[in-house]
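Participant: kindly generate the corresponding structure for this input.
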Amino acid sequence: MTYLDTNIFVFMVTDPDYLCPDVYNKLYEYDSLLYMSIESVRELIVAYRNQGLDLLENER
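Facilitator: As a prediction, the model looks like this:
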């Protein structure tokens with residue numbers, strides 16, 4: 001079980017190569033369970049609403 005901090009989640013989604021190999025391997029293990037706190041989700045929502053985060057724009 002791994003708890004994700006907001007910045008690790010953002011790098012995992014947008015630029016996984018930025019993560020160090022140990023972190024990358026831990027996150028992408030097949031049987032790894034990943035958790036995020038509600039505060040991390042709230043941070044992402046606030047950042048998106050303030051247009052400081054463009055995760056969805058990178059996919060288009």
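
Participant: can you give me the helices in this protein?
Facilitator: For the chain, the helices identified by DSSP state H occupy 6-14, 21-27, 38-49, 55-59, in order along the chain.

Participant: residue nearest the centroid of this structure?
Facilitator: In the chain, the residue lying closest to the centroid (CA atoms, centre = their mean) is Phe9, at 1.1 Å.

Participant: tell me the contacts of that residue?
Facilitator: Met36, Ser40, Leu44 (CB atoms under 8 Å, 6 or more residues apart in numbering). The C-beta positions use only the backbone N, C-alpha and C, and glycine is treated the same way.

Participant: number of nearby residues for the last one?
Facilitator: Neighbour count of Leu44, defined by other CB atoms under 10 Å: 17.

Participant: ok, the second one next?
Facilitator: Using other CB under 10 Å, Ser40 has 18 neighbouring residues.
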